[in-house]
Each structure stands twice: as C-alpha cells, then as structure tokens.
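Q: after the sequence you'll find the predicted model.
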Amino acid sequence: MKHLLRLGILTLIISGFLTGDNVYRNLRNESFSTGEFLEYRVHLGFINAGFATLHVSEDIFTINHRPCFKADIIGESAGILDVFYNVRNNWGTYIDTASIVPHRAYRYIAENRYRKNEIVNFEHSTDTAIVSKLDKKTRELKRKVYYPIPHNVQDIVSGYYFLRTIDYDQMTVGDTLTVAAFFDEEVYHLNIIYLGKDEVKTKFGHINAYVLSPIMPENKLFRGTHPIKVWLSNDKNKVPLKIKAAMFVGSIEVDLKSYKNLRNPLNFVD
C-alpha cells in the first residue's frame, strides 16, 4: 500500500512537470470576470475623437490546456477625426484565469489605408512568443517568427487586466511597479508610478480612485512630468474611470461612458 501511495504521488509530480502547470503563478483576482463590459469616450475638450469598448466574453476558453478569459478592446474614431483619420482596431487576448498571463493575443489594425493583422501565441513553458504574421486582406498565414520572452510576460491587453489585480493599498506614493511586456516583436519593461488617491467626477457620480502614471521616455509628443495619468476605481474592481494624456497639441481624455456586469459595486463618494 505504501509503495502504491509513493508511486501515486510521484506520478502526480511528474504529470505536473509534463503539463507545465508548475511554470504558472497563481494570482488572486477579485476585480473582473466573464461578461464585463466597459465603454469609453475619447475626446479633446468638447470634440469627440472616438470610442472604445473593453469586453470580457461570457464564455471561458481553453488555450494551452488552461482555462482563459477572452478579452477584446475595440477602438473606433468618431466625428471630424473619422473623416480625416479613420480607425477601426481590435486588440484581443486569451488570458489565463489563474495567472493572468496571455496565452494567445491578436491585433487587427485598420487605420486609414494602413493594415496590420497578427496573432501571437505565448509558450510559457519555454518562455517563447510565436508571432504569426497574417495577410493584410485575407488574414491567411504568411510566416511565423519566434522570440524569447521573460517569464510571466504580458501583452497590452492582459497587462491592463493584470494592473487591476494589484493591491494598491499596500503601496506608498512614489512606489514604482515594473511590468514586462511583449509588443511589436519587442520586450519592454514598463515602469508605472503610483501617485496616490484622488476623487474623480464621472457621469455616474463622484468615485474614489487610485492614480497611476507610466514613466515615458523623453519625446516630442507628451509634455510634463507625468504626461499620462490613469484613475482606477478605489474598490475591488479597479476599473479605469479616466485617462488623461497631456500632449503638446492639447490634452486627450478618455472617460468611462457606460458599464455592465462589474464583479463588485463601484465605490461612490457619499
């Protein structure tokens, strides 16, 4: 009997290595779940520039033998901007429900005449990203390119959801959070500063928020010490309520327009 027990334990350990489950971290996520829908308005002052939606599918998908959320960000230009610069972009990712890392990401970009279609598969057991370049019109596979990536790397979409799992109450003003990300066939180490807490006025009422600012390299596009600021709701959701980018041509703002199926109630100011 003892021999059988030891054999059973050894089998479980070996099977864990074979399936690669040991390579995955386990993050606590109380912030989002299936069915969440967020809609945003992008504007320059009173001028509408576009709209964006963030949607987590109602279904759970299996990628690399792991359960995944399917999250899509869709951005569209609007108003006068749509006449001169037409945008129809879809960024999507299958996100591991336990480790909040991406297993498969895709980009379907249409900006005026520019097109870019690609799918990236993340093999976390070998720390490899496989970029499949697709035809601009048919989306048929043209070629694959392999890249080494850091462990627990994020893509753009999964990185946003990862930031919503952080406990900002354990951080102090000025603390920096570093996130490894794979984007446009390169690895970046993004540094994000925690600026503290604030109160945000929204169309739904005043909401308490955490304020974050990604550290930007010197460039001719943004101005100021913290040119980009993000306000996340100060509750379990950590929903982006507002984004403000100070640019030399003016300030672009992104405001929450509507929401459905949040996992927790928003923290409104009494």
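A: Structure's in. What do you need? Residues are numbered from 1 along each chain as shown.
Q: ok, Thr97 - how many residues close by?
A: Thr97 has 16 neighbouring residues, counting by other CB atoms under 10 Å. Heads up, the C-betas are built off the backbone N, CA and C, glycines and all.
Q: again, but for the one 4 residues further on
A: Summarising burial for Val101: neighbours were counted as other CB under 10 Å, giving 24.
Q: what of the one 4 residues further on?
A: Using other CB under 10 Å as the criterion, Ala105 is surrounded by 25 other residues.
Q: where does it land on pLDDT?
A: We note a pLDDT of 98 for Ala105 in this prediction.
Q: residues in contact with it?
A: Remark: with contacts taken as CB atoms under 8 Å, 6 or more residues apart in numbering, Ala105 is in contact with 91-94, 119-120, 122, 155-158.
Q: which residues does His206 contact?
A: Applying CB under 8 Å, 6+ apart, we find His206 in contact with 199-200, 268-269.
Q: out of the residues you listed, who's the most crowded?
A: Neighbours were tallied for each of the contacts of His206 (criterion: other CB under 10 Å), and the maximum of 19 neighbours falls on Val200.
Q: from memory that one sits against Ile207, does it?
A: Yes - taking contact to mean CB atoms under 8 Å, the distance of 5.3 Å between Val200 and Ile207 places them in contact.
Q: returning to what we had before: in strands, which of the contacts of Ala105 fall?
A: When DSSP state E defines the strands, the subset of the contacts of Ala105 inside them is 91-94, 119-120, 122.
Q: got any residues that touch both of Val200 and Ile207?
A: By CB under 8 Å, 6+ apart, the residues touching both Val200 and Ile207 are Leu241.
Q: lowest-confidence entry in the contacts of Ala105?
A: Here the lowest pLDDT out of the contacts of Ala105 sits on Ile156, with 93.
Q: pretty sure Leu241 sits in a strand.
A: Yes - note on Leu241: a strand contains this position according to DSSP: H, G, I helix; E, B strand; the rest coil.
Q: you'd agree it is up against Thr202?
A: Yes - Leu241 lies in contact with Thr202 (CB under 8 Å); the separation is 5.8 Å.
Q: these two: which has the busier surroundings?
A: Per other CB under 10 Å, whichever of Leu241 and Thr202 has more neighbours is Leu241, with 27 against 17.
Q: contacts for stretch 228-235, please.
A: For stretch 228-235, the surrounding residues in contact (CB under 8 Å, 6+ apart) are 163-164, 168, 195, 197-198, 200, 207-214, 216, 222, 238-246, 264-267.
Q: pull out the buried residues from those.
A: The neighbour-count test (16 or more other CB atoms under 10 Å) marks 163-164, 168, 195, 200, 207-213, 216, 238-245, 266 as buried among these.
Q: in strands, which of these fall?
A: Among those, the members falling in strands (DSSP E) are 195, 200, 207-213, 240-245.
Q: how close does Tyr40 get to Glu76?
A: Between Tyr40 and Glu76 the distance is 11 Å, computed by CB to CB, to the nearest Å.
Q: now the contacts of His206 in TSV, with pLDDT?
A: Formatted as TSV, the entries for the contacts of His206 read as follows, by pLDDT from 0 to 100:
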residue	pLDDT
Glu199	96
Val200	95
Phe268	92
Val269	92
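Q: more neighbours: which of Tyr40 and Glu76?
A: A direct count of neighbours by other CB under 10 Å for Tyr40 and Glu76 places Tyr40 higher, at 23 against 16.
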